[in-house]
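Chemist: model the structure of this input:
(one chain, ligands or ions: 1)
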Amino acid sequence: MNAPTRPLRAAVSAAELELSYGATTILRGIDFSLPKGQTLALLGPSGCGKTTLLRLVAGLLAPSKGRISIGEQIVADAAKAAFLPPERRGLGMVFQDYALWPHLTVGGNVSFPLEMRGVNKADREGRTLRALERVGLGGYGQRRPSELSGGQQQRVAIARAIVAEPALILFDEPLSNLDRELRETMVGEIGNLISSLGLTAIYVTHDHSEALSLADQVAIMRGGLIEQLAPPDVLIDRPATPEVADFLRLGCVAAVERHGETWRLVRGGAAIAAADAAAPDTTHALLPIAAIELVETSEAVLSGIVLRSQFRGDGHLATVQIGSGEDRGELQLISRTKLRAGEPVGLRIDPQHIRWFSSNAYK
Ligand SMILES: Nc1ncnc2c1ncn2[C@@H]1O[C@H](COP(=O)(O)OP(=O)(O)OP(=O)(O)O)[C@@H](O)[C@H]1O
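Modeler: Down below sits the predicted model:
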């Protein structure tokens, strides 16, 4: 007989969360529930409220409305004026600027959370060494933070965040001070650490690839709201709104209108699909990069002029202008060969890959 399936226990959750500074509302209607052992990335443009949400979970800010729970415990409830300070929430935190104490050794920095919890010296030394070994800095305990590189300092901050085996670890743009190559290495290292220690994590970033490669769930935030909360593959396959598709740079989001038997681009006027491909209230279409193909002019559904071309790992990303004057639009596609600016090209769009949006919902 199969064991009954138990719902996954939320390690951290928020309900109807809101934060205002005076009359200005910064976050509204935030709801999420993250199961134990999962990573949630908060992804969105500058100023959308990612850090504010993380600070609410950390206990560095109190909500104006709503509740936050960590494990079984309600750590903030605006209606009941209940609020647990950060040191009683069982958290580890890693910040963008590392926030190491310069006057302490690396070992002193890492063992500090254990000292705060009253762990005895022998245990502290053993656990500090193990945490430093986990981040590849086993021999660095006696150094000062100033004697380490940026990447090493961030590893020390990560060791300090995990040393007390917290129920939840919070990362606030931890890699944004590092160069790109090191960032890519460290995303992999953080991912391995999270899964090998079975950590539950919330990770704030404005970097798409960091969020999509690390997280089980990604919350796309915009203007103080969570616009969509979903696993990375769902976000890519089924963005909920044109804004999410545009933010994730999944392709071109274009206004469309129905003309008799076809859907046409408002700008450029090209027919892209049959009328029955989308619901009557459709207003926009996502034309994913992978859905657009370069073809001989004789086979083309629409023609355009190359505006620019930029090399990416998988080919040349070309931006092509379709239509002209007031009516012009842009499409993007991947070409194996480099296209020259000003070159005329023929294009075909695979209607199967088009995503349709109505004015208020994903279709
Ligand atoms: N103490 C404050 N008083 C008033 N407004 C604030 C305060 N702190 C933040 N804000 C505003 O709240 C909004 C959200 O800020 P927040 O730092 O959470 O954004 P973010 O998404 O983390 O941005 P970034 O990626 O640039 O760090 C911004 O408009 C910011 O100006």
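Chemist: name the nearest residue to the residue of the chain positioned farthest from its centre, sequence neighbours excluded.
Modeler: In the chain, the greatest distance from the average C-alpha position (Cα atoms, centre = their mean) is reached by Ser298, at 41.8 Å. Beyond its immediate neighbours in the sequence, the residue positioned closest to Ser298 (Cβ to Cβ, 6 or more residues apart in numbering) is Gly346, lying 7.6 Å away. Bear in mind the C-beta positions are built from the backbone N, C-alpha and C, glycine included.
Chemist: the strand or helix carrying the one you found: which residues count as buried?
Modeler: Remark: Gly346 resides in strand 344-349, with elements defined by DSSP states H and E. Of the residues in strand 344-349, those buried by neighbour count under the rule 16 or more other Cβ atoms under 10 Å are 345-349.
Chemist: and those residues as CSV, adding distance to the ligand?
Modeler: Shown next, in CSV, are the buried residues of strand 344-349 (distance: Cβ to the nearest ligand atom, whole Å):
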residue, distance to the ligand
Val345, 37
Gly346, 41
Leu347, 36
Arg348, 39
Ile349, 34
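Chemist: so the residue nearest to Glu165 when sequence neighbours are not counted versus Val135, what's the distance?
Modeler: Ranked by Cβ to Cβ, 6+ apart and with sequence neighbours excluded, the top spatial neighbour of Glu165 is Leu197, at 7.8 Å. In this view, Leu197 and Val135 are 11 Å apart by Cβ to Cβ, to the nearest Å.
Chemist: and the strand holding Gly346, C-alpha only, in CSV?
Modeler: What follows is strand 344-349, C-alpha atoms only, in CSV (Å, rounded to 0.1, in the frame of the first residue of the first chain):
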residue,chain,number,x,y,z
PRO,A,344,17.4,42.6,-45.8
VAL,A,345,16.2,39.2,-44.4
GLY,A,346,13.2,36.9,-44.8
LEU,A,347,11.6,35.5,-41.7
ARG,A,348,9.2,32.8,-40.7
ILE,A,349,7.4,32.5,-37.4
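Chemist: beyond that strand, next helix or strand please.
Modeler: Criterion used, DSSP H and E; the element after strand 344-349 is strand 355-358.
Chemist: those residues of the stretch 201-350 of the chain touching the ligand, which are they?
Modeler: By Cβ under 6 Å from any ligand atom, the residues of the stretch 201-350 of the chain that approach the ligand are His206.
Chemist: any idea which residue of the stretch 201-350 of the chain lies closest to the ligand?
Modeler: His206 (5.1 Å; Cβ to the nearest ligand atom).
Chemist: what residue ranges in this protein score low on pLDDT?
Modeler: Low-confidence segments of the chain (pLDDT under 70): 1-9, 360-363.
Chemist: show me the helices in it, by range?
Modeler: Shown for the chain, the helices assigned by DSSP state H span residues 50-58, 106-116, 121-134, 150-162, 180-197, 208-214, 232-237, 242-247.
Chemist: mind putting the ones you listed in JSON lines, mean neighbour count and distance to Lys80 included?
Modeler: Compiled in JSON lines, the helices of the chain are given as follows (neighbours: other Cβ atoms under 10 Å; distance: least, Cβ to Cβ, whole Å):
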{"stretch": "helix 50-58", "mean neighbour count": "23", "distance to Lys80": "16"}
{"stretch": "helix 106-116", "mean neighbour count": "21", "distance to Lys80": "27"}
{"stretch": "helix 121-134", "mean neighbour count": "16", "distance to Lys80": "36"}
{"stretch": "helix 150-162", "mean neighbour count": "23", "distance to Lys80": "29"}
{"stretch": "helix 180-197", "mean neighbour count": "15", "distance to Lys80": "33"}
{"stretch": "helix 208-214", "mean neighbour count": "19", "distance to Lys80": "33"}
{"stretch": "helix 232-237", "mean neighbour count": "16", "distance to Lys80": "35"}
{"stretch": "helix 242-247", "mean neighbour count": "20", "distance to Lys80": "34"}
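Chemist: got TSV for the ones you listed, with distance to Pro35 too?
Modeler: Rendered in TSV, the data for these read as follows (distance: least, Cβ to Cβ, whole Å):
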stretch	distance to Pro35
helix 50-58	15
helix 106-116	25
helix 121-134	23
helix 150-162	19
helix 180-197	14
helix 208-214	16
helix 232-237	16
helix 242-247	23
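Chemist: quick one: closest of the ones you listed to Gly224.
Modeler: For Gly224, the closest of the helices of the chain is helix 50-58, at 8.2 Å, according to Cβ to Cβ.
Chemist: wait, does the closest one contact the ligand?
Modeler: Yes - part of helix 50-58 sits near the ligand under the criterion Cβ under 6 Å from any ligand atom, namely 50-52.
Chemist: can you tell me which of the residues you listed is nearest Arg160?
Modeler: Minimum distance to Arg160 across the residues of helix 50-58 next to the ligand is 19.6 Å, recorded for Thr51 (Cβ to Cβ).
Chemist: so how far is Phe247 from that closest one?
Modeler: With the distance defined as Cβ to Cβ, Thr51 ends up 18 Å from Phe247.
Chemist: swap in Pro102?
Modeler: Following Cβ to Cβ, the distance that separates Pro102 from Phe247 is 38 Å.
Chemist: ok, Asp207 next?
Modeler: 12 Å.
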